[in-house]
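In: model this:
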Amino acid sequence: MSGASLLRIREMVKKELRQLLRDPRTRAVIFVAPVLQLLMFGYAVNTDIRNTATFVVDHDQNSESRRLIDAFRATGYFDIVGESVRPRDLVRALDDGDALIGIEIPRGYSRDLASGRGSSVQIIIDGTESNSATVAQGYAQQIVQRLALEHAVADGLLPGGGVDLRTRAWYNPNLESRVYNVPAVVGALILLMCLLLTALAVVREREFGTLDQLMVSPLTPRELMLSKTIPVALVALVDLVLISAIAVIWFDIPIRGSPPALLFAAILYILACLAIGLLISTVSKTQQEAFMSMFLFLQPAIILSGFFYPISSMPQVFQWVTLLNPMRHFLEIIRAVFLKGEGVTALWPQYVALGLIAAAVMWLAVVRFPRTIGK
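Out: Sure thing, here's the model as predicted:
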């Protein structure tokens, strides 16, 4: 690239940066909004179960049934919001949404335990909140099974030895969903900011009547694309450092890997996101159309990234589709760098995928750009 070309790009980058940063409202959107969104999503995107509203129907009414109820209450996962001896009260609590979990202890529960025959406890779950219900069901089963095992050992029905099962969670010892979700929120915010700042770039020039002036200037399509990309990339990197620092300091998310490895992945990811935004900008005729196209891409990108749902649980065809999603690869990298301490050597397929996506989409945007003139 010649010196004149570099000079033209430098001047255009200065112009784009001034245009981005001169408006206080734009500066707030660029630097304040991501921080507020990270704080909000960091607390809101939480799949942990705490104080689940639980209604109890106790037909036995004795010390053993109370012990079972107290075992549920002591975990902190369940909040006993009501007790009764009538099953219809449990049904009403579930129907009205006052409880997510119902526990029905049958009459003769303690007698059956003492006899060694075992007893049954019915757990009724409101399945409309399937994720919370599934997690709460697992907790409830563990509590009942542990209590039953303690009874069996105490009554001499099982030997005191046996298998001592001890579980240990690596990388996230307390199994906090926030530790897993906050790095993903960082990736989602970077994607949103890159698309927002670039999807309107070429369309805005066309609507303001300045695109024709740029096209008759010495700038080539490649130089114009670089001048539109570099300022937003710099802003996105500042946002990345800012919200990553908040994730580490405020949310206490461990960063066990190498910051340079994360920075390298972020640069590739930002370039891929900017390329997609520029491509949207070149195929849209108005800012409103570009804005709608951006959100039509954003939602599937987040859903197919592994943010909320494991990719391995998706149908095979969608697992193949996710390979074209840059957010999927970046989330794998940022979670591995933050939580596992892995680097480029272990994650090179994700780095290569991000690089290929960025290069392919940027090439397509540059090829597409001259065709936008006259539309």
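
In: so, low pLDDT: which residues of this structure?
Out: Regions of the chain meeting the criterion pLDDT under 70 cover residues 1-4, 116-118, 152-169, 175, 205, 208-219, 221, 369-375.

In: any idea how it splits into domains?
Out: Per the record, the chain has its domains at 3-45+176-372, 52-154, by automatic domain parsing.

In: of those, which stretch is the most buried?
Out: Highest mean neighbour count among these (mean count of other CB atoms under 10 Å): domain 3-45+176-372, with a mean of 18. Placement of C-beta: from N, CA and C, glycine included.

In: how far is that one from where the chain is centred?
Out: Domain 3-45+176-372 sits 16 Å away from the centroid of its parent chain (CA atoms, centre = their mean, to the nearest Å).

In: what about stretch 57-76, start to end distance?
Out: 19 Å (CA to CA, to the nearest Å).

In: on that earlier part again, so which of the domains of the chain is nearest W170?
Out: Closest of the domains of the chain to W170 is domain 3-45+176-372, at 8.4 Å (criterion: CB to CB).

In: give me the element the nearest residue to L242 once chain neighbours are set aside is part of.
Out: Counting by CB to CB, 6 or more residues apart in numbering, V35 is the residue found nearest to L242 once chain neighbours are left out, at 6.5 Å. Element membership for V35 (DSSP states H and E) is helix 33-44.

In: I would like the residues contacting that helix, please.
Out: Helix 33-44 is contacted by residues 178, 181-182, 185-186, 188-189, 193, 239, 242-243, 246-247, 250-251 when judged by CB atoms under 8 Å, 6 or more residues apart in numbering.

In: of those, just say which sits nearest to M362.
Out: Among the contacts of helix 33-44, M193 lies closest to M362 (CB to CB), at 17.8 Å.

In: now the residue nearest to the spatial centre of the chain, what's its secondary structure?
Out: The C-alpha lying nearest the average C-alpha coordinate of the chain belongs to F307 (CA atoms, centre = their mean; 3.6 Å). Look at F307: counting by DSSP: H, G, I helix; E, B strand; the rest coil, its state is coil.

In: ok, G97 next?
Out: At G97, secondary structure determined by three-state DSSP is coil.

In: quick check: chain neighbours aside, which residue is closest to it?
Out: Among residues not flanking G97 along the chain, D126 sits closest, at 7.7 Å (CB to CB, 6+ apart).

In: same question for E342.
Out: Closest to E342 by CB to CB, 6+ apart is A336, at 4.2 Å.

In: with V13 instead?
Out: Counting by CB to CB, 6+ apart, the residue nearest V13 is I230, at 5.0 Å.

In: give the contact list for the one you found.
Out: Contacts of I230 (CB under 8 Å, 6+ apart): I9, V13, E16.

In: what helix or strand is the second one on?
Out: Secondary structure from DSSP H and E places V13 in helix 3-21.

In: now swap in I253 and tell me
Out: Going by DSSP H and E, I253 is not in any helix or strand.

In: for the nearest residue to it once chain neighbours are set aside, what are its contacts?
Out: For I253, ignoring the flanking residues on the chain, the nearest one in space by CB to CB, 6+ apart is A247 at 4.7 Å. When the contact criterion is CB under 8 Å, 6+ apart, the partners of A247 are L38, G42, V182, P183, V185, V186, I253.

In: the fourth one is in what secondary structure piece?
Out: It stands for P183. According to DSSP H and E, P183 maps onto helix 177-198.

In: helices or strands up against that helix?
Out: Helix 177-198 sits against helix 33-44, helix 221-249, helix 259-283, helix 287-303, helix 326-335, with contacts defined as 3 or more CB pairs under 8 Å, 6 or more residues apart in numbering; DSSP states H and E.

In: check which helices and strands the next helix or strand after that helix sits against.
Out: Downstream of helix 177-198, the first helix or strand assigned by DSSP H and E is helix 201-207. Judged by 3+ CB pairs under 8 Å, 6+ apart, the packing partners of helix 201-207 are helix 211-215, helix 259-283, helix 287-303.

In: quick one: the ones you listed as TSV, columns for distance to F318 too.
Out: Formatted as TSV, the helices and strands packed on helix 201-207 follow (distance: least, CB to CB, whole Å):
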stretch	distance to F318
helix 211-215	37
helix 259-283	19
helix 287-303	9
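
In: of all these, which one is nearest R66?
Out: R66 sits nearest to helix 287-303 of all those, at 45.1 Å, using CB to CB.

In: and the closest one, what does it pack onto?
Out: Against helix 287-303 (3+ CB pairs under 8 Å, 6+ apart) you get helix 177-198, helix 201-207, helix 259-283, helix 326-335.
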